[in-house]
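Chemist: Let me see the structure of the following:
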Amino acid sequence: MNISNSSKLDQAIERFDAFNGADPNLEVADGMTYAKELLYAQRMTAMLNRYTANASEALQLAARCQHIGRWKTPRTDYPMTKAGYHQWRNALKTFHADTARSILKELEYDTSLIERVCVLVKKELLSTDREAQTLEDVIVLVFLEHYLEQFVATHSDYEESKFIDILVKSLRKTSKEARQFILTMTTLPTALAPMVKKLVTEHF
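Modeler: Sure thing, here's the model as predicted:
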């Protein structure tokens, strides 16, 4: 059975969303309750569309499945150490890529495109690949708009200097274009926007 590219993309997104819709962790946004990773995936696509025009099919797919099935690989399965954290992150990348690969194979995507999506999801060419950088930009932009406020509230015991260090490290992952986007196009949490924008202008 041959499936057109546009139909394949729609079906892949539907499959990714169905998978993420099984997330038992829930999050409320705009008065509605969502499966946590489904909401994240939708936010990734929305931000990608705001941030860049004409994203390739591989980039659209990678953005949508960036966290696919994340709840299946919990942090608690790994030692609560720095080394354990990195083991967990690497395991997540492999799991996300393998899950996406399985779904895309079922839809008869070309092997080359499937592997391209997996490379982007695993961030294997981040330092040299423009699309990999774009995906990283979108990840950080989504964090700043939708998750920074919650992160700050969850870690209320952190000193301000630690938050600044975390933010600078996140911003360092972004491109010049993304940092300009932060200053002009993002909707940052009201209480945190001045600090974020100050860090962008003073550190980069």
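Chemist: Now residue 50: which helix or strand?
Modeler: helix 36-51 (DSSP states H and E).
Chemist: go on, residue 12?
Modeler: Judged by DSSP H and E, residue 12 forms part of helix 5-20.
Chemist: Domain-wise, how is the protein divided?
Modeler: For the chain, the structural domains run 1-124, 126-204, going by automatic domain parsing.
Chemist: would you list those in TSV and tack on mean pLDDT?
Modeler: Listed next are the domains of the chain as TSV, based on pLDDT from 0 to 100:
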stretch	mean pLDDT
domain 1-124	95
domain 126-204	94
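Chemist: Quick one: residues contacting the residue nearest the centre of the chain.
Modeler: Centroid-nearest residue in the chain, with Cα atoms, centre = their mean: residue 139, separated by 3.9 Å. Neighbouring residues of residue 139 by Cβ atoms under 8 Å, 6 or more residues apart in numbering: 44, 66. (Each C-beta comes from the backbone N, C-alpha and C, glycine too.)
Chemist: what sits against the residue nearest to residue 40 when sequence neighbours are not counted?
Modeler: Leaving aside its sequence neighbours, residue 40 sits nearest to residue 67 (Cβ to Cβ, 6 or more residues apart in numbering; 5.2 Å). Shown in contact with residue 67 (Cβ under 8 Å, 6+ apart): 20, 37, 40-41, 96.
Chemist: Let's see that with 7 Å instead.
Modeler: 37, 40-41, 96 (Cβ atoms under 7 Å, 6 or more residues apart in numbering).
Chemist: wait, is residue 33 part of a strand?
Modeler: Yes: Residue 33 forms part of a strand when assessed by DSSP: H, G, I helix; E, B strand; the rest coil.
Chemist: Who is it paired with across the strands?
Modeler: residue 28 (DSSP bridges).
Chemist: still on that earlier bit, now do the helix holding residue 50: which elements does it pack against?
Modeler: Judged by 3 or more Cβ pairs under 7 Å, 6 or more residues apart in numbering; DSSP states H and E, helix 36-51 is in contact with helix 5-20, strand 26-29, helix 57-64, helix 130-142.
Chemist: Nearest to residue 77, out of those?
Modeler: With Cβ to Cβ, the closest approach to residue 77 among those belongs to helix 5-20: 19.4 Å.
Chemist: Using neighbour counts, pick out the buried residues of the closest one.
Modeler: Buried residues in helix 5-20, counted by 16 or more other Cβ atoms under 10 Å: 8-9, 11-13, 15-17, 19-20.
Chemist: other SSEs contacting that helix?
Modeler: Counting by 3+ Cβ pairs under 7 Å, 6+ apart, helix 5-20 packs on helix 36-51, helix 57-64, helix 82-106.
Chemist: and these, which is most packed in?
Modeler: helix 57-64 (a mean of 23; mean count of other Cβ atoms under 10 Å).
Chemist: Remind me what that helix packs against, helices and strands.
Modeler: Counting by 3+ Cβ pairs under 7 Å, 6+ apart, helix 57-64 packs on helix 5-20, helix 36-51, helix 111-121, helix 130-142.
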